[in-house]
Structures are given as C-alpha cells and as structure tokens.
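In: Output the structure for:
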Amino acid sequence: MLKNENLCTKLKKRKFVVTAEISTPKGVDITKTIEEARKLKGIVDALNITDCPMANMRMSPIAVAHLLQDHLNIEAIFHLTCRDRNLIGLQSELLGAYALGVRNILALTGDDPSRGDTPQAKGVYDVDSVGLLKIISAFNRGYDYNGNKLDSPTEFCAGTTANPNDLRDEALEKLKVKIEAGAEFIQTQPVYDEEILFKFIEKIKNFNVPLLIGILPLKSYKMAVNLNEKVPGIDIPEKVLERLKDGGREEGINIAVEFIKRIRSEVAGIHIMPLGSTNVVLEIISRVDDLVCDFAENNVQMN
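Out: Here you go, the predicted model:
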C-alpha cells in the first residue's frame with residue numbers, strides 16, 4: 001500500500017509534480033518494466049501507464065500499475081480508453097482498479113483500432129472521455145452509470161488531456177466540458193513553443209485545474225520532422241528544428257531542459273514521455289536544478 005503523500009494532494013497543495021510514462025510489455029514478463037520503473041523511484045511523483053497506445057495490444061495498464069505500486073511503492077496513473085470496453089466493462093475495470101489500490105486515472109477516448117496491430121478489431125466507444133469522466137464522478141459519489149447505488153463510493157483522482165497547440169474555441173469548450181465532468185488535472189500533449197503554451201494557459205486560467213505539460217524529448221532532426229508531419233496535434237517550431245539539424249539527441253535534451261526552466265513557474269508540473277528510455281528522464285531531471293533540490297528533500301522525508 002502506498003505510504004507517501006498522493007498525487008492529487010500534491011496538486012491541491014500546488015507542489016510541482018513530475019510524472020513519467022512507462023511502456024507496458026507485449027507479453028507476460030513484467031521484469032524489464034519493473035526494473036526500468038525502479039530507476040525513477042524517488043525521482044518522479046507518479047508513473048503514467050499507457051492503455052494499448054496507438055491501438056497496439058499490450059498488457060493491461062491496471063495490472064501494470066498495481067504491480068509497480070506493489071513492488072516499488074511508486075504511485076501510478078493508469079490510462080483508460082473507451083475504445084476496448086463497453087459500459088459494463090469500463091465500470092468493472094474501475095471497481096477492480098480501486099480494489100487493487102490504483103486510484104489515479106487518465107480518461108481517454110482512445111485511438112481507432114484501424115491504426116494499430118489488430119486492425120480488424122472493432123472500437124466500442126459506448127462513451128467518450130467526457131462520458132468516462134462522468135462515470136468516475138458518479139463512482140466517487142457512490143453510484144454507477146445508471147444511478148444504482150454502489151456498496152461504497154470510490155475516491156479516484158481523474159485527469160484529462162489537452163493540446164496547447166489547438167487554441168480554437170471548440171477545443172477549449174470541449175476541455176471545459178471535461179473539467180465540468182470531473183477532471184481534476186490536465187495532462188497536455190507535447191509542446192515546444194512557450195509562447196503558444198502561455199497563450200493556452202491564459203485561455204484556461206479560469207478553469208482552475210492543475211496543468212501538467214507534456215515533454216517529449218526529441219532524439220533527432222528526422223524524428224522531429226516526422227512528428228511534425230505525421231502526428232496530429234504536434235507543432236515543432238522552425239527554431240527547434242534548426243537546433244536539431246546538427247545537435248541530435250544531446251540538443252534534444254538541452255531543448256527539453258531549457259523549456260522546463262522557462263515554463264516551470266507557470267504550471268503545476270511536467271509529464272515526460274521518454275519513448276521507452278527512462279535514462280532520458282534521469283538526464284532531464286538532473287539538469288533542472290530546482291527539481292534536483294525538490295526530490296532530494298522528498299527523499300529525506302521518505303527515508
């Protein structure tokens with residue numbers, strides 16, 4: 001059972017939070033996942049556990065989240081999509097997760113199955129992420145989707161996603177609807193331009209919800225161009241692309257560190273997406289001076 005101050009409490013106290021994404025295995029051996037996560041113990045506040053990302057089949061995020069919490073005492077945020085489960089299945093998963101001690105959720109609609117490794121699968125989508133947030137809110141009040149009373153209420157901490165690069169009124173309105181449905185924090189897609197980010201922050205300031213900024217370190221110029229061209233919602237400015245032409249991976253780390261330092265005072269935390277390399281997370285954290293101090297203090301308190 002987790003013994004430290006939980007994620008939502010930290011966010012409510014306006015403590016700066018760092019989370020990192022952990023890949024789930026395509027198989028039953030959890031050993032590598034646990035060992036990679038172990039490197040981040042005492043370094044991050046929570047681990048994000050993906051739910052079959054890009055519609056590619058992987059181990060259940062609830063199982064992985066529970067195992068990591070149980071083995072390492074590191075808090076987890078499990079992603080839950082509406083793609084693979086109907087209303088009965090979604091609610092059953094929530095009850096099971098809660099019983100296993102997994103209390104943080106990132107509510108997602110989910111990528112279309114045609115994009116993944118099982119393209120013949122059918123997406124369910126009884127509800128979208130807004131509907132899932134409403135279910136979680138109902139559970140926290142002690143009721144299921146149809147208003148039937150549960151044996152006891154849950155205390156989930158649910159988050160939602162946002163794209164700072166999309167400042168259209170309809171995108172901001174949808175985010176507002178998700179907050180009203182019960183989202184307690186926002187986790188963004190990767191962003192590389194602080195001017196755009198600050199415009200986004202100004203647009204949502206009245207939402208009064210903690211904002212965790214997505215940090216996806218760029219490994220090369222080729223990777224950056226590919227993300228710009230093929231991944232919807234990502235916009236990497238020309239000034240960043242120019243730096244990557246000669247700098248490669250090291251320059252990608254520099255860009256991430258500099259960006260974090262410039263935005264830190266304006267946000268509730270960061271969410272690092274290392275694409276399977278936890279060493280990247282360690283590199284970034286070690287080079288952001290204030291974060292090193294924060295985690296040293298946390299480790300003293302934990303010990």
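In: Enumerate every residue touching residue 96.
Out: Listed by Cβ atoms under 8 Å, 6 or more residues apart in numbering, the contact set of residue 96 reads residue 62. Quick note: C-beta positions are derived from backbone N, CA and C, even for glycine.
In: give me phi/psi at it?
Out: phi -60, psi -40 (degrees, to the nearest 10).
In: Could you check the pLDDT of it?
Out: Looking at residue 96, its pLDDT reads 98.
In: now swap in residue 214 and tell me
Out: So residue 214 comes in at 98 (pLDDT).
In: go on, residue 230?
Out: Reported pLDDT for residue 230: 87.
In: now swap in residue 259 and tell me
Out: pLDDT, residue 259: 97.
In: can you count the residues close to it?
Out: 21 (other Cβ atoms under 10 Å).
In: Distance-wise, check it relative to residue 37.
Out: 25 Å (Cβ to Cβ, to the nearest Å).
In: do the same with residue 61
Out: Look at residue 61 and residue 37: by Cβ to Cβ, they are 13 Å apart.
In: Please say which of the two ends up with more neighbours.
Out: Using other Cβ under 10 Å as the criterion, residue 61 and residue 37 rank with residue 61 on top: 27 against 24.
In: so what's the more buried one up against?
Out: 24, 49, 50, 51, 78, 79, 80.
In: Ok, residue 256 next?
Out: 215, 217, 218, 272, 284.
In: wait, doesn't the last one sit right on residue 252?
Out: Right, residue 284. No. Residue 284 is not in contact with residue 252 according to Cβ atoms under 8 Å; the separation is 10.1 Å.
In: Find residues that contact each of the two.
Out: In contact with both residue 284 and residue 252: residue 217, using Cβ under 8 Å, 6+ apart.
In: Could you dump the contacts of residue 256 into JSON lines with distance to residue 205 added?
Out: Formatted as JSON lines, these follow (distance: Cβ to Cβ, whole Å):
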{"residue": "215", "distance to residue 205": "21"}
{"residue": "217", "distance to residue 205": "28"}
{"residue": "218", "distance to residue 205": "29"}
{"residue": "272", "distance to residue 205": "24"}
{"residue": "284", "distance to residue 205": "27"}
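In: residue ranges for the helices of the stretch 101-250 of the chain, please.
Out: 129-141, 169-180, 194-204, 221-230, 238-263 (DSSP state H, counting those that start in this stretch).
In: taking these together, which one is wrapped up most tightly?
Out: Stretch with highest mean neighbour count among these: helix 129-141 (a mean of 21; mean count of other Cβ atoms under 10 Å).
In: hang on, the earlier thing: which of the helices of the stretch 101-250 of the chain sits closest to residue 122?
Out: helix 129-141 (18.1 Å; Cβ to Cβ).
In: show me the residues around the closest residue to residue 248 other than its chain neighbours that make contact.
Out: Distance criterion Cβ to Cβ, 6 or more residues apart in numbering; nearest residue to residue 248, sequence neighbours excluded, is residue 220 at 5.4 Å. Contacts for residue 220 (Cβ under 8 Å, 6+ apart) come out as 244, 248, 249, 252.
In: Among those, which one sits closest to residue 90?
Out: Nearest to residue 90 among the contacts of residue 220, with distances taken as Cβ to Cβ, is residue 252, at 37.0 Å.
In: before we move on, the earlier item: need phi/psi at the residue nearest to residue 248.
Out: Dihedral angles (degrees, to the nearest 10) for residue 220: phi -170, psi 170.
In: Now do the same for the closest residue to residue 159 other than its chain neighbours: its pLDDT.
Out: Excluding its sequence neighbours, the residue lying closest to residue 159 (Cβ to Cβ, 6+ apart) is residue 185, at 4.3 Å. Listed pLDDT for residue 185 reads 98.
In: My read is that residue 185 contacts residue 12, right?
Out: No. Using Cβ under 8 Å, residue 185 makes no contact with residue 12, being 9.7 Å away.
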